[in-house]
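Asks: Build me a model from this:
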Amino acid sequence: MRTVAADSRRSKVLADELSSGSAQQTQGIEQIAKALSQLETLTQTLAAGAEQSASSSTELSSHAGSMKQIAGDLVAMVGAVN
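Replies: Numbering: from 1, shown residues only. Purely as a prediction, here's the structure:
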């Protein structure tokens with residue numbers, strides 16, 4: 001009878017440890033899911049910033065080409081006057 005009682009107590013201890021481990025595992029999985037969600041949000045934000053930077057770069061390049069053309073026209077006009 002003592003062996004049955006001891007085995008029963010040991011079974012309860014093991015079940016409690018299993019339950020605690022399962023709860024910790026669930027908490028860890030929830031933290032990982034939250035971190036992945038934050039990484040996804042950050043990735044989307046960075047991608048949007050990269051798109052905006054590329055668009056701004058293209059626009060600046062276009063403006064630089066226009067200014068170069070205007071400067072060339074101005075130099076030609078000044079040279080024609082002299």
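
Asks: And for residue 15, the neighbour number?
Replies: 10 (other Cβ atoms under 10 Å). C-beta coordinates here come from the backbone N, C-alpha and C atoms, glycine included.

Asks: Phi and psi next, for it.
Replies: Here is the backbone geometry of residue 15 (degrees, to the nearest 10): phi -60, psi -40.

Asks: Show the pLDDT at residue 5.
Replies: Per-residue confidence (pLDDT) for residue 5: 82.

Asks: Look up phi and psi at it.
Replies: Taking degrees, to the nearest 10 as the convention, residue 5 sits at phi -70, psi -40.

Asks: low pLDDT regions in the protein?
Replies: Across the chain, the ranges flagged by pLDDT under 70 are 81-82.

Asks: For residue 75, list the residues it contacts.
Replies: Residues near residue 75 by Cβ atoms under 8 Å, 6 or more residues apart in numbering: none.

Asks: Distance from whichever strand or helix holds residue 4 to the middle of the chain?
Replies: Using DSSP states H and E, the element containing residue 4 is helix 2-81. Helix 2-81 has its C-alpha centroid displaced from the chain centroid by 0 Å (Cα atoms, centre = their mean, to the nearest Å).

Asks: do you know how far residue 66 is from residue 60?
Replies: Distance of residue 66 to residue 60, computed by Cβ to Cβ, to the nearest Å: 11 Å.

Asks: same deal with residue 41?
Replies: Using Cβ to Cβ, we find residue 41 at a distance of 29 Å from residue 60.

Asks: do residue 68 as well
Replies: On the measure of Cβ to Cβ, residue 68 and residue 60 end up 12 Å apart.

Asks: now swap in residue 67 and tell me
Replies: 10 Å.

Asks: repeat for residue 15
Replies: Applying Cβ to Cβ, the value for residue 15 to residue 60 is 67 Å.

Asks: ditto for residue 78
Replies: From residue 78 over to residue 60 (counting by Cβ to Cβ), the distance is 26 Å.

Asks: what does residue 22 give?
Replies: Residue 22 is 57 Å from residue 60, by Cβ to Cβ.
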